[in-house]
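S.K.: predicted structure and sequence below. I'll ask about it afterward.
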Amino acid sequence: MRWIRASKDDKTFYGIVEGDRIAEVEGSPFAEYQRTSRMHELKAVKIEVPVIPPTFYCVGFNYTEHIMKVAARTGQPPNLPTQPDVGQRTNNALIAHGEAVVIPHDATDAVQYEGELVAVIGKKAKHLSEADALSCVLGYTIGNDVSERSWQKSDRTLWRAKSPDTWKPMGPWIETDVDLDALETIVRTNGQETTRFRTNAMLFGVAKYISTITRYITLYPGDVIWMGTDGSSPNLKAGDVVDIEITGIGHLVNPFVAEVR
């Protein structure tokens, strides 16, 4: 099933994507819902962020090649993590498929994409074993963890390097029928492929992270966990368009624009 959050005629609603149409529901995938008779053409609605998460979790350094390339770029020896570590981001940065990423006027040219699988939590979870961890997942969507690398070096908490307004595109929908091992992530910049990797080739998988988080923190319906990226990105500038495809889920496409002061 493919859940979408969309707006039309000043109303925001959840629906089920069926081909190029949306069956509107009353309620949401995170609680009770009932299908209505209202149908919408996909091209006739505004696609919204698929969920506004209660808590926005993220992981980093979860792919070997990405770690190696970061080490080479910074002149540091590669340091593969020995345990899953979890951070958080801010909801102000979330934007939907098709919306513009705004590059602040004082950013350097080291603005880059990070194409990521996003796990969307569907039910309350605590103390899950790794074997049972995926039982709390509603489905998966796509994220673009836009990053400013010079700020990333200087800001201890990454607040400016990772979470300016508009810097976390997510969408376009939540796909519930996913075979993690079959997924491939492909990123195109201005139509040209710039990154490709096997999505589930993680150092620590979705189940491991969920098990680790729920040992200490309760997950709630609508929470999201961004699972990190592989490879490296070219520097981006105003006018560029980034298309992140995860096979079996869809495409997340966003233009980059300069801040207007």
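M.R.: Perfect, thanks for sending it.
S.K.: how is this structure divided into domains?
M.R.: What automatic domain parsing lists as the domains of the chain is 1-48, 49-258.
S.K.: highest average neighbour count across these?
M.R.: Ranked by mean neighbour count, the domains of the chain are led by domain 49-258 with a mean of 18 (mean count of other Cβ atoms under 10 Å). For every residue, glycine as well, the C-beta is placed using N, CA and C.
S.K.: distance between it and the chain's centre?
M.R.: With Cα atoms, centre = their mean, to the nearest Å as the basis, domain 49-258 stands 5 Å off its chain's centre.
S.K.: any idea how far the closest residue to residue 62 other than its chain neighbours is from residue 243?
M.R.: Spatially, and ignoring its direct neighbours in sequence, residue 62 is nearest to residue 228 (3.2 Å; Cβ to Cβ, 6 or more residues apart in numbering). Going from residue 228 to residue 243 by Cβ to Cβ, to the nearest Å gives 19 Å.
S.K.: which residues sit against the helix or strand bottoming out on mean pLDDT in the chain?
M.R.: One helix or strand of the chain scores below all others by mean pLDDT, DSSP states H and E: helix 64-74, with a mean of 75. For helix 64-74, contacts defined as Cβ atoms under 8 Å, 6 or more residues apart in numbering pick out 61, 77-80, 149, 153, 197, 203, 228-232.
S.K.: can we see that at 7 Å?
M.R.: Helix 64-74 has contacts (Cβ atoms under 7 Å, 6 or more residues apart in numbering) with 61, 77-78, 80, 203, 229-232.
S.K.: C-terminal to it, what's the next element?
M.R.: Later in the chain than helix 64-74, the nearest helix or strand by DSSP states H and E is strand 86-88.
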